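Asker: Predicted model and sequence follow; I will ask about them next.
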Amino acid sequence: MFADASLVQPRAPDGSGPADWLSELNAEQRRAVEHEGSPLLILAGAGTGKTTTICARVAWLLARGTQAERILLLTFTRRAAREMIARARALVERAVPDAGAVVGGTFHSVAHRFVRRHAGALGLDPGFGVLDPGDAADLIDLVREEHGHAERRTRFPRKGTLLDIYSATVNGQRPMTEVVAERFPWLDELRDEIAALLKAYVARKRALGVVDFDDMLMYWRALALDDVIGPQLAGRFDHIFVDEYQDTNGLQVETVRALRRGDPGVTVVGDDFQAIYGFRAASADHIRSFEEHFQGATVITLERNYRSTQPILDAANEIAGQADQSYPKRLRANRDGGQAPRLVLCRDDTAEAQLVCQRVLEAREEGLELRAQAVLSRTSHDSAALEVELTRRRIPFVKYGGLRYLEASHVKDFVALLRLAQRRSDELAWFRLLQRLDGVGPVIARRALRELVAAEREHADAWSAARNHLPDRARPIIDPVGKALATDRPEQPTRLRVERLLEAIGPLIATSYANSAPRLADLDGLTRAAATAGSLPEFMAELALDPPASSADWAGPPHRDEDYLVLSTVHSAKGLEWDAVHLLAVYDGNFPACLSAGSGAEIEEERRLLYVAMTRARRSLALYVPTRYYHRPNGRDDAHGYGKPSRFLTDRVRACLEIEQVASTDPPEGQRETGRRRIAVSVDPLFDIVS
DNA sequence: ATACGACGGTTTTTT
DNA sequence: ACCGTCGTAT
């Protein structure tokens, strides 16, 4: 989503004005909302009404005569952008309907907007393509092969790792050697080759006229720092808000500073103890340095928690207390009562899955709908066993942070074709599509591709030259694609273009996949969305920057009335809350992840991650520790290790928890007997009451 | 020569 | 789940 907040502007303050939202705020919140004259840092602990305060401050600025379109609202994640905009809309609508739109969205989507507008000044084609991380990794892989790293004996990092190194270097604006030494020490010996490869990647992007996510921030900063364009951009806004400021990286901070150029109209909100994006070069040092970066800044701290019960906060505070914080906060609940969080020790992930299902269903029977409950985990595969069990029991769930729509193979195929419509010579797109054909592998695909490029240079009929290299049986499949591309024109309506291309790729999808019908139906949604977009390049860019989580996202709001359990990684859950929260796999090695247990800073971040997870819960919180975990996720074998509870669950923390040892589990015997094979014979689902 | 399936080893988290 | 390697089929 290109989050454009449509905020309604309240009536001008005429004495009787729209002040009722102010009366609902506590003293500190109100001080923050009505602050004037200097940059403002709001240190908002978890659940302290951060979003409420930002929205109220936006409303207050509007009421004081600031025009909505002169307010810029920056968030870090798309979910936060959505949440913020929905809340702001609801609050401001209570004032007075006089339309105006706040400019807002994630850093990357807002950057994209400005970069496209000023593409010329940056030496980019206005129709430039956007590489999502998958595309970027594929391009790196191409360069990696060209550098001959594919066949070499010495192990060479994979595309994903290379992209991580690149990203950390660019976002942190630090020498790559430092980044490698610190975060990828095992690759120290290869740093010269890695550096050469990443330089080639940068050159290739330039040559192709494409921009990756990191470039987006780089280009925006360059615009903001420019002597001519910078002041123009800065002059567009009277006030800039930055949410989750603890997760900003150096590039983002520099951009915001450049956009203010000494103007005090800036409010940032964050909590240094919820900084969990260090791996992406974010640093809580930025929030700690706010007072240096923005002259004369004021700091206001919010500690009254409106979300959780005190027993949950006691445990969370105890975790927080283990670390040194430069801005100490201790959350206080606004209401009394509540149960202690539970620490559940069970046998393994299967037992864990059984228990979670059981508790979730019990809670539902007591009236707590599924959507008010969530299951969080450190990594997205921690919930694998649970997903099996939920499916088996027919408990509907939606998973965030799992396989994304755009990562599904058939969607990638279609997106490759859309990309070819923009640029006929897109080698990666061709390479992908050609290999879908029967009897075509990397060698033949590359040969055909070489012919295509060569023929184009000679202005010959490139397509018929290339298709000669393909096996006979492949031709009827690929010919419609060639034909559709030949007749496609940029000036045609986007909807028509996309529909024709979808039709052309039909045979290819049909022959490539066993279950092609649902896959094709899946692509219809994409076509519908394209119909409402502007140009094809813009549609593609928005798709990359804000991909739908699943194909269901296109099909309107089927979830609106449905009840479903939320499964999410802790990272994706930040900023959200549920009545009941179950946190999976809280064993040492996962909290902290064994890979992050190297440096002190990494362990600190893992601790904050646990804190973030715990503070998502309103009333009920359970931490699960499967004591036995398996090395192979779906393994045929029974290789396993024994885990112990997270090192962060110290005695002091445990004193705040109710400890529950679950001896055995529901269907205990038999399931593990033959490795992890599960042969379920059950008529239970027949008797399930589907409400 | 090339494609493709089977198998074994594996550095999370997101824009 | 992905990626590289190896054996077999075409």
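Answerer: Good, I have the coordinates.
Asker: A:Asp461 against A:Arg467, yeah?
Answerer: No: A:Asp461 is not in contact with A:Arg467 according to CB atoms under 8 Å; the separation is 9.9 Å. Every C-beta, even on glycine, is put in place using the N, C-alpha and C of the backbone.
Asker: In terms of neighbours, single out the busier of these two.
Answerer: More neighbours surround A:Arg467 than the other of A:Asp461 and A:Arg467, with 18 against 12 (other CB atoms under 10 Å).
Asker: Return the distance of that one relative to DNA strand B.
Answerer: Remark: distance between A:Arg467 and DNA strand B (CB to the nearest atom of the strand, to the nearest Å) = 14 Å.
Asker: Would you report the backbone torsion angles of that residue?
Answerer: phi -70, psi -20 (degrees, to the nearest 10).
Asker: That one contacts A:Ala448, doesn't it?
Answerer: Yes: A:Arg467 is within contact range of A:Ala448, at 7.3 Å (criterion: CB under 8 Å).
Asker: Spell out the residue ranges of the strands in the stretch 1-150 of chain A.
Answerer: With DSSP state E, counting those that start in this stretch as the criterion, the stretch 1-150 of chain A has strands at A:4-8, A:40-44, A:71-75, A:99-106, A:129-131.
Asker: Off-centre distance for the second one?
Answerer: From the chain centre to the centre of strand A:40-44 is a distance of 24 Å (CA atoms, centre = their mean, to the nearest Å).
Asker: what mean pLDDT does it have?
Answerer: Here strand A:40-44 scores 95 as its mean pLDDT.
Asker: Then the longest one?
Answerer: pLDDT averaged over strand A:99-106 equals 78, rounded to a whole number.
Asker: for the third one, same thing?
Answerer: pLDDT averaged over strand A:71-75 equals 91, rounded to a whole number.
Asker: shouldn't A:Leu386 be in contact with A:Leu565?
Answerer: No: using CB under 8 Å as the test, A:Leu386 is too far from A:Leu565 to be in contact (9.4 Å).
Asker: what is in contact with the two at once?
Answerer: A:Val375 (CB atoms under 8 Å, 6 or more residues apart in numbering).
Asker: The stretch 301-450 of chain A against DNA strand B: which residues are in contact?
Answerer: Contacts of the stretch 301-450 of chain A with DNA strand B, taken as CB under 7 Å from any atom of the strand, map to A:378-381, A:400-401, A:435, A:438-445.
Asker: what about A:Glu577, how many neighbours?
Answerer: With other CB under 10 Å as criterion, A:Glu577 counts 17.
Asker: Ramachandran coordinates for it?
Answerer: phi -150, psi 150.
Asker: How about the contacts made by the residue in the stretch 101-250 of chain A positioned nearest to DNA strand C?
Answerer: Shortest the stretch 101-250 of chain A-to-DNA strand C distance, computed as CB to the nearest atom of the strand: residue-wise this is A:Arg158, at 5.1 Å. Counting by CB under 8 Å, 6+ apart, A:Arg158 makes contact with nothing.
Asker: distance of it from A:Ser289?
Answerer: Going from A:Arg158 to A:Ser289 by CB to CB, to the nearest Å gives 35 Å.
Asker: now do A:Ala363
Answerer: 43 Å.
Asker: Same question for A:Gln274.
Answerer: Distance from A:Gln274 to A:Ser289, by CB to CB: 17 Å.
Asker: who touches A:Leu584 in this structure?
Answerer: A:349, A:352, A:356, A:375-378, A:382-383, A:386, A:624.
Asker: I'd like to know which of the residues you listed are part of helices.
Answerer: Per DSSP state H, helices hold the following members of the contacts of A:Leu584: A:349, A:352, A:356, A:386.
Asker: of the residues you listed, closest to A:Gly209?
Answerer: For those, the residue nearest A:Gly209 by CB to CB is A:Leu386; the value is 44.2 Å.
Asker: Could you report the neighbour count for that closest one?
Answerer: 28.
Asker: Contacts only, for the closest residue to it other than its chain neighbours.
Answerer: Among residues not flanking A:Leu386 along the chain, A:Ala353 sits closest, at 4.2 Å (CB to CB, 6 or more residues apart in numbering). Contact analysis of A:Ala353 by CB under 8 Å, 6+ apart lists A:385-386, A:388-390.
Asker: Is it possible to get a markdown table of those residues that adds distance to DNA strand C and pLDDT?
Answerer: Formatted as a markdown table, these follow (distance: CB to the nearest atom of the strand, whole Å; pLDDT from 0 to 100):
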| residue | distance to DNA strand C | pLDDT |
| --- | --- | --- |
| A:Ala385 | 13 | 86 |
| A:Leu386 | 14 | 89 |
| A:Val388 | 11 | 85 |
| A:Glu389 | 16 | 87 |
| A:Leu390 | 15 | 87 |
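Asker: most neighbours, which of these?
Answerer: Result: A:Leu386 is most packed of those (other CB under 10 Å), 28 neighbours.
Asker: mind listing what it touches?
Answerer: Here A:Leu386 is in contact with A:349, A:352-353, A:356-357, A:375, A:567, A:584 (criterion: CB under 8 Å, 6+ apart).
Asker: which one of the residues you listed is nearest A:Thr527?
Answerer: Nearest to A:Thr527, judged by CB to CB, of these is A:Leu567 at 28.9 Å.
Asker: does the nearest residue to that closest one once chain neighbours are set aside count as helix, strand or coil?
Answerer: With CB to CB, 6+ apart as the criterion, A:Leu567 has its nearest non-adjacent residue at 4.2 Å, and that residue is A:Lys399. Of the three states, A:Lys399 takes strand according to DSSP: H, G, I helix; E, B strand; the rest coil.
Asker: ok so, going back, ramachandran coordinates for the residue of the stretch 101-250 of chain A closest to DNA strand C?
Answerer: The phi/psi pair for A:Arg158 (degrees, to the nearest 10) is phi -80, psi 170.
Asker: Check A:Ala297 too.
Answerer: According to degrees, to the nearest 10, A:Ala297 has phi -60, psi 150.
Asker: count of neighbours near the nearest residue to it once chain neighbours are set aside?
Answerer: Among residues not flanking A:Ala297 along the chain, A:Pro39 sits closest, at 4.3 Å (CB to CB, 6+ apart). When neighbours are counted by other CB under 10 Å, A:Pro39 registers 23.
Asker: wait, what's in contact with A:Pro39?
Answerer: A:260, A:264, A:266-268, A:290, A:294-298.
Asker: Try it again at 10 Å.
Answerer: A:240, A:260, A:262-268, A:290-291, A:293-299 (CB atoms under 10 Å, 6 or more residues apart in numbering).
Asker: Can I get the buried part of these as one PyMOL selection?
Answerer: Burial among the contacts of A:Pro39 is assessed by 16 or more other CB atoms under 10 Å; the matching PyMOL selection reads:
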select buried, chain A and resi 240+260+264+265+266+267+268+290+293+294+297+298
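Asker: what's the neighbour count on the closest residue to A:Asp238 other than its chain neighbours?
Answerer: Leaving out its chain neighbours, the residue that sits closest to A:Asp238 by CB to CB, 6+ apart is A:Arg70, at 4.3 Å. Residues near A:Arg70, counting by other CB under 10 Å, number 17.
Asker: got it, and A:Ala421?
Answerer: 22.
Asker: That one contacts A:Glu499, doesn't it?
Answerer: No: applying CB atoms under 10 Å, one finds A:Ala421 not in contact with A:Glu499, separated by 11.9 Å.
Asker: where along the stretch 251-400 of chain A do the helices fall?
Answerer: A:285-288, A:290-293, A:310-321, A:349-365, A:384-392 (DSSP state H, counting those that start in this stretch).
Asker: Pick the most deeply packed of the ones you listed.
Answerer: With neighbours taken as mean count of other CB atoms under 10 Å, the helices of the stretch 251-400 of chain A reach their highest mean count in helix A:310-321, at a mean of 23.
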